[in-house]
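Colleague: here is my input; please provide its structure:
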Amino acid sequence: MAVNLSANAIPAIINGDVDAKPLVQVLDIATIQSTKNSQTERYRLLLSDSVSSHHAMLAAQLNEKVKTGRFKKGTIVQLLDYICTSFQNRKIIMVLNMESIIPDCEIIGNPKSFVDSELPFQKALCDNNVQSSSSGNNNNLAAQNRGSNVQNFRPTVQPAYKPPPVYKGRGAVVKNEAPASVIPIAALNPYQGRWAIKARVTSKGDLRRYNNARGDGKVFSFDLLDSDGGEIRVTCFNAIVDRFYDAIEVGKVYLISKGNLKPAQKNYNHLKNDWEIMLDLNSTVELCPDEDGSIPRQQFSFRPISDIENVENNAILDVIGVVTYVSPSVPILRKNGMETLRRILNLKDNSGRSVELTLWGEFCNREGLKLQQMVDAGVFPILAVKAGKVNEFSGKSIGSISTTQLFINPDFPEAQSLRNWFDQVGKDSASLSISKDITHGGPKNEIRKTVSQIKDEGLGRSDKPDWITLRAAISFIKTDTFCYTGCPLMIGDRQCNKKVTRSGDTRWQCDRCNQEFEECDYRYLLQAQILDNTGLTWVTAFQEVGEEIMGHSAKDLYELKYEQEDDEKFGNIIKSRLFNQFVFRLKIKEELYGDEQKVKITVVKADKVNYSAESRYMLDFISKLCRQ
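Modeller: All right, here's what the predicted structure looks like:
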């Protein structure tokens, strides 16, 4: 079949005509590395119009079509979106979008490397061509020119987009005062002097403070998405934070210019772009009306849960699934001494796998609380997770980070497909968890056990404490020493809580703080027996957990027993707490009491049994046993 390529397409592109959509042929494809620190492959093409050929760079978003064989040597393609710019006296074509027309074709014509005579360096090459052709060496010089182009090409350059300038207003405009041209994010490179991008903010990170050798500082970042699907991260430091933090809103479209491009730090930046923008004092951020809606709200690349099993630790990915379980949020003390919240969800999809998703911080109170209310009401929502972080501990799980976004029951085709599957089949089908040996609602080292296993497995007798979860009922509560009088004074940002003694009739004395005060604090030191179907054991619960178990403050019960001396009412409260079932989180550690080593079991969390959630846990556990 005869194929006619677009006549003079290469010269037209080099001379700035980017409005046409020519047919050209791929003569060669080479893999290059765009920057020293980049992990993203880039491809260089040699394009031909059957007479002339020229090198081009392929935008990163088209890499997959090369890998899958859609674009290869000989393929006839139609250029749909492209730009051309000059760099070091050389023109470079940047292909942003193209379509395969004929996958396999013999090389058409005898194309020669095209040289733009308007550029001084290339004009000299053209003169050489003329001289060589008169001596009969035209083909050899063309081959040398192609080799020279290969050797001198710098893959770190992403070409600038320079369409004819359009200036607003009347009268002459000084060149440096002309507005920067709006270019696609994919065309950004650090060698451009003037540029502007129009994009939507898809994610905004929290304001973070840091301290290093240069002193204290603050930083925040936000992610942008343009109409061509290009994404890039923008970061602001210190004074720039004060200028732009309140102005940036997720979902809004902005025109951004005069920033500095730096290599993306892939340890912290999951976007598929080799660069990120650093705003400075000269940068401008202008809110734009979203009139045509050409810029999408978000861009996803969902992975089936079954794929996550083979994903590297700390990888960032998108996942979508049905929420089948939501734990209550629990406070967690971080290594830096700050307290945060944690909530664990279970997601399943039609790949036959399920995974645990850990929410941290404000995610627990916002989307986490809404999801828990929906699941407790028997509604199993679809949840799309943008930028979740893969964790590897006893299997694979996903955790939220500052740039994570959660979408409940989104209006996506993937969500609708998943809803139909779950309602028709998935609701009653078992799934294999890739988060192995993890208890719903517990941290990553927490495993469901029974009372008898505490003794049989020798828990707590190693160097580090064991953390377990078990479901049990309270069978006995000691009432003679259920609380103690504690110091209410603050030491820094923490309460002292050390036991205090009477100093006279109306005052209390703290030996640690060496102070006296009129009012003390009453704090639980609750000792109780708990039992399940395998046995019983003694546990100790302190203040917050004591209040969860008793349903009253320690001070109220102290006054009732010792000041009002209402033994009957006090006894009724104690009886009402017996044989109530809880899901206990226990810390088990052997400690020295006098000259004897004893295992101490401390209750660090006591949640009332959610029978719907417990039933789902038992069904999942039975399914795992059946597959063994």
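Colleague: buried sites along the helix or strand hosting I454?
Modeller: Using DSSP states H and E, the secondary-structure element containing I454 is helix 451-456. Buried residues in helix 451-456, counted by 16 or more other Cβ atoms under 10 Å: V451, Q453, I454. In this view, the C-beta of every residue, glycine as well, is placed from N, C-alpha and C.
Colleague: confidence score at the residue nearest in space to the middle of the chain?
Modeller: Nearest to the geometric centre of the chain sits A387, at 2.9 Å (Cα atoms, centre = their mean). The model reports A387 with a pLDDT of 88.
Colleague: same deal with V253?
Modeller: pLDDT, V253: 93.
Colleague: correct me, but it touches I295?
Modeller: Yes: here V253 lies in contact with I295, judged by Cβ atoms under 8 Å, at a distance of 5.9 Å.
Colleague: which of the two has more neighbours?
Modeller: V253 (21 against 18; other Cβ atoms under 10 Å).
Colleague: straight-line length of stretch 210-229, end to end?
Modeller: Start-to-end span of stretch 210-229 (Cα to Cα, to the nearest Å) is 33 Å.
Colleague: ranges for the strands of the stretch 501-628 of the chain?
Modeller: Under the criterion DSSP state E, counting those that start in this stretch, the stretch 501-628 of the chain contains strands at 501-503, 507-510, 515-517, 521-532, 535-542, 581-593, 596-608.
Colleague: tell me which of those sits most buried.
Modeller: Mean neighbours per residue, mean count of other Cβ atoms under 10 Å, is largest over these for strand 521-532, with a mean of 20.
Colleague: that one pairs with which strands, and in what direction?
Modeller: In the sheet, strand 521-532 lines up against strand 466-477 (antiparallel), strand 483-486 (antiparallel), strand 535-542 (antiparallel) (DSSP bridges).
Colleague: would you turn the ones you listed into TSV with mean pLDDT?
Modeller: Shown next, in TSV, are those (pLDDT from 0 to 100):
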stretch	mean pLDDT
strand 466-477	91
strand 483-486	90
strand 535-542	94
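Colleague: quick one, domains of this protein?
Modeller: Domain assignment for the chain by automatic domain parsing gives 9-152, 179-288, 305-433, 447-623.
Colleague: which one of the ones you listed lies nearest to V3?
Modeller: Of all those, domain 9-152 sits nearest to V3, with 6.0 Å by Cβ to Cβ.
Colleague: the biggest helix by length in the chain to strand 466-477, inter-axis angle?
Modeller: Across the chain, the longest stretch assigned as helix under DSSP state H is helix 611-627. Helix 611-627 runs at 130 degrees relative to strand 466-477, counting by axes from the mean of the first three to the mean of the last three Cα atoms, to 10 degrees.
Colleague: next, the buried residues of helix 611-627.
Modeller: For helix 611-627, by 16+ other Cβ under 10 Å, it's A613, R616, Y617, D620.
Colleague: list the residues that contact the residue nearest to the centre of the chain.
Modeller: Contact analysis of A387 by Cβ atoms under 8 Å, 6 or more residues apart in numbering lists S203, H270, I316, L317, D318, I401, T403, T404, Q405.
Colleague: how about a cut-off of 7 Å?
Modeller: H270, I316, D318, I401, T403, T404, Q405 (Cβ atoms under 7 Å, 6 or more residues apart in numbering).
Colleague: so where's the stretch 151-300 of the chain uncertain?
Modeller: 151-180, 192-193, 291-292 (pLDDT under 70).
Colleague: same check on the stretch 401-550 of the chain?
Modeller: Applying pLDDT under 70 to the stretch 401-550 of the chain picks out residues 436-446, 492-493.
Colleague: which parts of the chain are helices?
Modeller: Using DSSP H, helices in the chain cover 9-14, 63-67, 120-134, 138-152, 239-244, 305-308, 362-363, 369-376, 413-424, 451-456, 543-550, 554-558, 567-577, 611-627.
Colleague: nearest to M490, of the ones you listed?
Modeller: helix 543-550 (15.6 Å).
Colleague: so that closest one versus helix 567-577, what angle?
Modeller: 90 degrees.
Colleague: and helix 543-550, what does it pack onto?
Modeller: Identification of packing neighbours for helix 543-550 by 3 or more Cβ pairs under 7 Å, 6 or more residues apart in numbering; DSSP states H and E yields strand 521-532, strand 596-608.
Colleague: output the ones you listed in CSV; the columns should cover distance to L625.
Modeller: Formatted as CSV, the helices and strands packed on helix 543-550 follow (distance: least, Cβ to Cβ, whole Å):
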stretch, distance to L625
strand 521-532, 18
strand 596-608, 25
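Colleague: out of the ones you listed, nearest to R214?
Modeller: strand 596-608 (39.7 Å).
Colleague: what's in contact with that closest one?
Modeller: For strand 596-608, using Cβ under 7 Å, 6+ apart, the contacting residues are 328, 330, 460-461, 537-541, 545, 548-549, 582-591.
Colleague: kindly recompute the last result at 8 Å.
Modeller: So strand 596-608 is contacted by 328, 330, 441, 454, 459-461, 537-542, 545, 548-549, 580-592 (Cβ under 8 Å, 6+ apart).
Colleague: export that strand as PDB, just CAs?
Modeller: What follows is strand 596-608 as a C-alpha-only set of coordinates in PDB (Å, rounded to 0.1, in the frame of the first residue of the first chain):
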ATOM      1  CA  GLU A 596      10.400 -11.900  91.700                       C
ATOM      2  CA  GLN A 597       9.800 -11.600  88.000                       C
ATOM      3  CA  LYS A 598       6.100 -11.200  87.100                       C
ATOM      4  CA  VAL A 599       4.300 -10.700  83.900                       C
ATOM      5  CA  LYS A 600       2.300  -7.400  84.000                       C
ATOM      6  CA  ILE A 601      -0.700  -7.000  81.600                       C
ATOM      7  CA  THR A 602      -1.700  -3.400  81.000                       C
ATOM      8  CA  VAL A 603      -4.900  -2.400  79.100                       C
ATOM      9  CA  VAL A 604      -4.000   0.500  76.800                       C
ATOM     10  CA  LYS A 605      -7.400   0.600  74.900                       C
ATOM     11  CA  ALA A 606     -10.800  -0.900  75.600                       C
ATOM     12  CA  ASP A 607     -13.500  -0.600  72.900                       C
ATOM     13  CA  LYS A 608     -17.000  -1.800  73.300                       C
END
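Colleague: and that strand, how far out from the chain middle?
Modeller: 35 Å (Cα atoms, centre = their mean, to the nearest Å).
Colleague: any idea of the angle that strand forms with strand 521-532?
Modeller: Using the same axes, to 10 degrees: strand 596-608 against strand 521-532 is 90 degrees.
Colleague: what is the mean pLDDT for strand 596-608?
Modeller: Strand 596-608 comes out at a mean pLDDT of 88.
Colleague: just checking: what are the partner strands of it?
Modeller: Each strand paired with strand 596-608, and its direction, by DSSP bridges: strand 535-542 (parallel), strand 581-593 (antiparallel).
Colleague: one step back: can you select the buried ones among the contacts of A387 for me in ChimeraX?
Modeller: Buried residues within those, by 16+ other Cβ under 10 Å, are selected in ChimeraX with:
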select :270,316,318,403,404,405
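Colleague: output the contacts of A387 in a markdown table; the columns should cover distance to I573.
Modeller: Listed next are the contacts of A387 as a markdown table, based on distance: Cβ to Cβ, whole Å:
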| residue | distance to I573 |
| --- | --- |
| H270 | 53 |
| I316 | 50 |
| D318 | 50 |
| I401 | 44 |
| T403 | 48 |
| T404 | 43 |
| Q405 | 46 |
